[in-house]
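Engineer: With the input below, show me the fold.
(one chain, ligands or ions: 1)
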Amino acid sequence: MLRFARLTLILTAVLVGRIGLTQVVIDAGHGGNDAGATGFWQEDMVFEKDLTFAASVALAEALELRGIYAYQARQGDQTLPLSERVARATRHCPGGLFISLHVDTFTDSQTTSGGMRFFSLNDRGIKQTLPEDVNPKRLTRYREHAERVSAQMMNYLHDAQWRYFAKIERRNFQVLHNTACPAILVELGMMNNKHDMAWLNDPDRLAQRMDGLAQAVQYYLQSEKEL
Ligand SMILES: [Zn+2]
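Structural biologist: Predicted coordinates:
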């Protein structure tokens, strides 16, 4: 019965996605020749590109179970230039959201935990290299929406009583430029921190946390998008 309900949800999500009602583009950071940051978990070397891909799959599944169609910009261990990620975001996210997933590291400390951090585009990024069809006002509005979703994501993390030092910051990241929808870059945790590595490498805990993000997206799409 549960399996049937799940299948129905997924089929609904796919149909909704096909007719273009709601889409979230998930960008698993790095990939292919670009491994991103490195760390260790239980004696094994771990690459950021693998953690972000596992998170991307888990987030897509959590969204689809909530009836939200998710498109994964990177669909395997492939090298994907930043410009192509933005191009895919532009094609697939109108009316939805773009979420880029990363995992950070500090090389100077084994104990620092940065918690989950949410980044939106800064003023310099908004002014930079605008294509003719995206005006700064629209990008500023996208940023407001991106920050509202990020705040919701933080709420859901805190509701679950996970100990994070979550915060929202602004940066000039290329993947946040010129997307056709609100864009967020999430640093999920720190590869040099053993608590972060424990949940990032545990499929059940990863799925729980990605469902927290999916809940926030659902709340935004249902109640805040029209504001
Ligand atoms: Zn990264």
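Engineer: Next one, pLDDT for L200 please.
Structural biologist: For L200, the model assigns a pLDDT of 94.
Engineer: so how far is A216 from it?
Structural biologist: Plainly put, L200 is 19 Å away from A216 if you go by Cβ to Cβ, to the nearest Å. Using the backbone N, CA and C atoms, a C-beta is placed for each residue, glycine as well.
Engineer: go on, R85?
Structural biologist: Counting by Cβ to Cβ, the gap from R85 to A216 is 22 Å.
Engineer: helices or strands next to the longest helix along the chain in the packing?
Structural biologist: Assignment by DSSP state H gives helix 136-159 as the longest helix of the chain. Other elements packing on helix 136-159 under the criterion 3 or more Cβ pairs under 8 Å, 6 or more residues apart in numbering; DSSP states H and E are strand 117-121, helix 123-127, strand 167-171, strand 183-190, helix 203-219.
Engineer: export the ones you listed to JSON lines and tack on mean pLDDT and mean neighbour count?
Structural biologist: Output for these, formatted as JSON lines (pLDDT from 0 to 100; neighbours: other Cβ atoms under 10 Å):
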{"stretch": "strand 117-121", "mean pLDDT": "93", "mean neighbour count": "24"}
{"stretch": "helix 123-127", "mean pLDDT": "87", "mean neighbour count": "15"}
{"stretch": "strand 167-171", "mean pLDDT": "90", "mean neighbour count": "14"}
{"stretch": "strand 183-190", "mean pLDDT": "93", "mean neighbour count": "25"}
{"stretch": "helix 203-219", "mean pLDDT": "94", "mean neighbour count": "19"}
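Engineer: okay, those in JSON lines with distance to N155 next?
Structural biologist: Formatted as JSON lines, the helices and strands packed on helix 136-159 follow (distance: least, Cβ to Cβ, whole Å):
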{"stretch": "strand 117-121", "distance to N155": "12"}
{"stretch": "helix 123-127", "distance to N155": "25"}
{"stretch": "strand 167-171", "distance to N155": "12"}
{"stretch": "strand 183-190", "distance to N155": "14"}
{"stretch": "helix 203-219", "distance to N155": "7"}
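Engineer: of the ones you listed, which approaches the ion most closely?
Structural biologist: With respect to the ion, and counting by Cβ to the ion, the nearest of these is strand 183-190 at 7.5 Å.
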